[in-house]
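> Fold the following, please.
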Amino acid sequence: MPLALHLGTDDLTRCRFAISPLCQTHEALRMLRRPARHGYHQAWLRRMRGTVAGLDLALLWLFVPPAGGYTPDFLGAPPQEPYPAIEDELARMRATDPVLAHAEMARSLGCTPGLAESPQGRAALDDPAATVRRLADLTELAWHALLAPDWPRHRAVLEADIEYRSRRAADAGLDALLTGLHPAVDWAGHTLTLREYRDLADAQPPDGRGVLLMPSVFVWPDVVSGFARPWQPTVIYPARGMGRLHTAPVPRPPEALARLLGQQRAAVLAGLTVPSSTTDLARRHGLAPSTVSAHLSVLREAGLLQSRRQGHYVLYGRTALGDTLVDADGHVRPAAG
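Prediction:
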């Protein structure tokens, strides 16, 4: 049976987006446990193999079943705000009610026959408060090792997804937003249905708090939901553009664009398939950061790029005009007038 979320009027008016570094960390850990299903990120998986081998994540792996199954919700809890900092999410995780943690951990261990009765399982359940603290420490370690170095680019992809879907909702309504989340998501008669997802007896129905929508770099090919109380009903879906983060080659600019802008500058413009920093672009194109910075300044002054600050980084992305030039397939449009 599919998972069906019946949305009332209050739920529809309170649907919202969020980006969660904590949730992304645990989606990355789940992908590391099931690498064969995630062809888009094989390059990242190869790059992380040595890093993961140097981390002692045994306690975390207890609660990430390799063949599927339930992972405790508190490990990647739906955030309460749109763009939480990882430090705030870890603090919230460390404050998890031990009774709730025990129940969720027992359910997760029960997915693997005999694991709850093993010495590791019994130790984890005997002192849930201490186990939560250890899991939070390991999650923080995993965050810094696996995601923090690439987070500006990851967050840029997630923000671009939210921007696209918000525009789609503004242009075509909530129906277009919900039906476009994932091929396995249907929306009809105030019911959001996740096909190819088994119904969960303890997955609470929406209750007026709304549904939280979270794009993810790592969740493909799945869509994830089923959070039980007290967590907000949440749908985690694959973000647009996530497949280009680690695997796509740098695109060659159209010849006419290279003649107009110069080969290097055109390559920088064409290579901005996702918002990127000067350092990212310099590494990708084999250029000095000062050279890339000069090209970015010219392209931005020409109205082909826009920039925004994100923490310590400035990320550059193409404007609609920049997209038009790159997508012109070699036929650069002349300026009006």
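
> which secondary structure elements does the helix or strand where residue 11 lies contact?
Using DSSP states H and E, residue 11 falls within helix 9-13. In this structure, helix 9-13 packs against no helix or strand, with contacts taken as 3 or more CB pairs under 8 Å, 6 or more residues apart in numbering; DSSP states H and E. All C-beta atoms are positioned from the backbone trio N, CA, C, and that covers glycine.

> So residue 125 is in contact with residue 107, correct?
No. With contact defined as CB atoms under 8 Å, residue 125 does not count as touching residue 107 (11.0 Å).

> related to what we said a few turns ago, if we look at the helix holding residue 11, which residues are touching it?
174, 190, 206, 207, 208, 209, 210, 211, 233 (CB atoms under 8 Å, 6 or more residues apart in numbering).

> related to what we said a few turns ago, list the residues that contact both of residue 125 and residue 107?
Contacts common to residue 125 and residue 107, judged by CB under 8 Å, 6+ apart, are absent.

> Which helix or strand contains residue 154?
helix 151-172.

> pLDDT of that helix, averaged?
Here helix 151-172 scores 84 as its mean pLDDT.

> what distance separates whichever helix or strand comes after it from the centre of its chain?
Counting by DSSP H and E, the next helix or strand C-terminal to helix 151-172 is helix 174-179. Computed by CA atoms, centre = their mean, to the nearest Å, the chain-centroid distance of helix 174-179 equals 20 Å.

> buried set for helix 174-179?
177, 178 (16 or more other CB atoms under 10 Å).

> Ok, stretch 222-232 next?
Neighbour-count burial for stretch 222-232 [16+ other CB under 10 Å]: 222, 223, 224, 225, 226, 227, 228, 231, 232.

> is it fair to say residue 215 lies in a helix?
No. Per DSSP: H, G, I helix; E, B strand; the rest coil, residue 215 lies outside any helix segment and is strand.

> hey, what's it bridged with?
residue 237 (DSSP bridges).

> Just the pLDDT for it.
Residue 215 is given a pLDDT of 93.

> Same check on residue 100?
Residue 100 is given a pLDDT of 96.

> Please list the outside residues in contact with the one helix or strand it maps to.
Using DSSP H and E, residue 100 sits within helix 98-109. Applying CB under 8 Å, 6+ apart, the contact partners of helix 98-109 are 62-63, 65, 69-74, 115-116, 121, 124-125, 128-129, 131-132, 228, 230.

> try stretch 257-266
253-254, 267, 269-270, 285, 287, 291, 295, 298-299, 325-326, 328, 330, 332.

> do that again at 7 Å, thanks
The contact list for stretch 257-266, computed with CB atoms under 7 Å, 6 or more residues apart in numbering, reads 253, 269, 287, 295, 298, 299, 325, 326, 332.

> those helices in the stretch 51-200 of the chain, which residues are they?
58-62, 86-94, 98-109, 119-126, 128-142, 151-172, 174-179 (DSSP state H, counting those that start in this stretch).

> Can I get the ones you listed in TSV including distance to residue 239?
Below are the helices of the stretch 51-200 of the chain laid out as TSV (distance: least, CB to CB, whole Å):
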stretch	distance to residue 239
helix 58-62	24
helix 86-94	18
helix 98-109	26
helix 119-126	32
helix 128-142	20
helix 151-172	4
helix 174-179	14
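
> Of all the ones you listed, which one is nearest residue 217?
Among those, the nearest to residue 217 by CB to CB is helix 151-172 (5.3 Å).

> Please flag which of the contacts of stretch 257-266 sit within helices.
269, 295, 298, 299, 325, 326 (DSSP state H).

> which residues does the most centrally placed residue in the chain contact?
Nearest to the geometric centre of the chain sits residue 216, at 2.3 Å (CA atoms, centre = their mean). By CB under 7 Å, 6+ apart, the residues touching residue 216 are 24, 27, 236, 237, 238, 239.

> Whichever strand or helix holds the first one packs against which elements?
With the criterion set as DSSP H and E, the secondary-structure element containing residue 24 is helix 21-33. Counting contacts by 3 or more CB pairs under 7 Å, 6 or more residues apart in numbering; DSSP states H and E, the secondary-structure elements packed against helix 21-33 are helix 86-94, helix 128-142, strand 212-216.
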